[in-house]
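# generate a structure from the sequence data that follows.
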Amino acid sequence: MTGSRSFADPLMNDLNAALPALLQLSHELGNPLHGLAILGEGNTSTRLADGRFLVKASGSNLGTLDASGVVECRSAPILELLARDAVPDAEVDACLLAARVDSAARKPSVEALFHAWLLNLPGVNFVGHTHPLAATGLLCSPQARDFAEQRTFPDAIVCCDVESVLVPYTDPGRRLARTIALRTEEFIARHQRAPRVILLGNHGVITLGRTAEAVLAAMLMTEKSAKIWLAAAAAGGPVFLTPADRARIAHRPDEALRQRVLKL
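Numbers count the residues shown, from 1 in each chain. Just a heads-up that it's a prediction; the model follows:
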């Protein structure tokens, strides 16, 4: 799925290894040929050791991101903020600034709130968020739930799991991060693992995983799935794989081997 692309091992949790991997992932997600993000859209993050993470700064461009557009943050103050029931917007901004390891660094994206929470999940080392053209179109339609819960072809299961989390449109920032956490916890309760794809109604797509390869593959496959869905709709409507078919693909030994080879 990711061809000859090679990312640094995220399990090293070392800044010198993690930063190049994050920049490469960002450049792939921001590649205009993919149609996933333009201008300052989207963001990326990776987990470091000792409760720290790297995240794209507000206003940076994924396609041209460099080290100056990445901020190192502490997770703890953000997670504490998300646990509270009512927080004014000004306090959210103050928390994002206070979470920076370097007080002279740029302000983290407001979506650093959900990045911090997702990177706290077992097995999640990278997170990507974009606004893919076809997928976001479906997420702005009455078909959003079926797009999240159904699958139309096997590779969508290999890269994106048997279903995706669907989050209805929610005001970006703290409210969105808390809603993502709630819906993700529901997925984990059903499947005993973190999701690979989170779909945001009227907004965009989040992909997460152990490796940068997994994040990129899930994002590209989500967009491919949307394009296939739209093509099927033009031909009379999509035909879904049955639950038995989906379970079979998810547990086939050859597909598990392919996931390991592709670092999914």
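# okay, and the helix or strand of this protein with the least pLDDT?
Ranked by mean pLDDT, DSSP states H and E, the helix or strand of the chain with the weakest confidence is helix 253-261, at a mean of 73.
# buried residues, it. List them.
Residues Glu255 are the ones in helix 253-261 that count as buried (16 or more other Cβ atoms under 10 Å). C-beta: built from backbone N, CA, C; applies to glycine.
# how about the strands in this structure?
Ranges of strands within the chain are 43-47, 52-56, 70-74, 126-130, 165-167, 197-200, 204-209, based on DSSP state E.
# packing partners of the second one?
Packed against strand 52-56, as judged by 3 or more Cβ pairs under 8 Å, 6 or more residues apart in numbering; DSSP states H and E, are the following elements: helix 15-29, strand 43-47, strand 70-74, helix 112-118.
# among those, which is nearest Trp229?
Proximity to Trp229 (Cβ to Cβ) singles out helix 15-29 among the helices and strands packed on strand 52-56, at 20.8 Å.
# and the helix of greatest length in the chain, how far out from the chain's middle?
Assignment by DSSP state H gives helix 212-234 as the longest helix of the chain. Helix 212-234 sits 13 Å away from the centroid of its parent chain (Cα atoms, centre = their mean, to the nearest Å).
# could you say what helices and strands that helix packs with?
By 3+ Cβ pairs under 8 Å, 6+ apart, helix 212-234 packs against helix 15-29, strand 126-130, helix 133-139, helix 144-149, helix 154-160, strand 197-200, strand 204-209.
# so for Cys95, which of the ones you listed sits nearest?
Short answer: strand 126-130, nearest of the helices and strands packed on helix 212-234 by Cβ to Cβ, at 18.8 Å.
# what's that closest one packed up against?
Judged by 3+ Cβ pairs under 8 Å, 6+ apart, the packing partners of strand 126-130 are helix 15-29, strand 43-47, helix 112-118, strand 204-209, helix 212-234.
# give me the low-pLDDT residue ranges for the stretch 1-150 of the chain?
1-13 (pLDDT under 70).
# one more time with 50, if that's ok
The model of the stretch 1-150 of the chain has pLDDT under 50 over residues 1-5, 10-12.
# hmm, back to that, in CSV: the strands of the chain, plus distance to Ala250 and mean neighbour count.
As requested, the strands of the chain are arranged in CSV below (distance: least, Cβ to Cβ, whole Å; neighbours: other Cβ atoms under 10 Å):
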stretch, distance to Ala250, mean neighbour count
strand 43-47, 25, 28
strand 52-56, 29, 26
strand 70-74, 34, 22
strand 126-130, 22, 28
strand 165-167, 16, 22
strand 197-200, 14, 26
strand 204-209, 15, 25
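# JSON lines for the ones you listed, including distance to Leu119?
As requested, those are arranged in JSON lines below (distance: least, Cβ to Cβ, whole Å):
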{"stretch": "strand 43-47", "distance to Leu119": "4"}
{"stretch": "strand 52-56", "distance to Leu119": "5"}
{"stretch": "strand 70-74", "distance to Leu119": "10"}
{"stretch": "strand 126-130", "distance to Leu119": "6"}
{"stretch": "strand 165-167", "distance to Leu119": "16"}
{"stretch": "strand 197-200", "distance to Leu119": "13"}
{"stretch": "strand 204-209", "distance to Leu119": "8"}
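# show me the one of these that comes nearest Phe153.
So among the strands of the chain, strand 197-200 is nearest, using Cβ to Cβ, at 14.9 Å.
# before we move on, the earlier item: how about residues contacting the least confident helix or strand of the chain?
154, 157-158, 249, 264 (Cβ atoms under 8 Å, 6 or more residues apart in numbering).
# Asp146: which of those is nearest?
The nearest member of the contacts of helix 253-261 to Asp146, counting by Cβ to Cβ, is Ile157 at 15.3 Å.
# now that closest one: how far from Arg246?
Note on Ile157: its distance to Arg246, by Cβ to Cβ, to the nearest Å, is 6 Å.
# which residues does the residue nearest to Ile157 when sequence neighbours are not counted contact?
Spatial nearest neighbour of Ile157, chain neighbours left out: Ile249 (4.5 Å); criterion: Cβ to Cβ, 6 or more residues apart in numbering. For Ile249, the contacting residues are 154, 157-158, 241, 255, by Cβ under 8 Å, 6+ apart.
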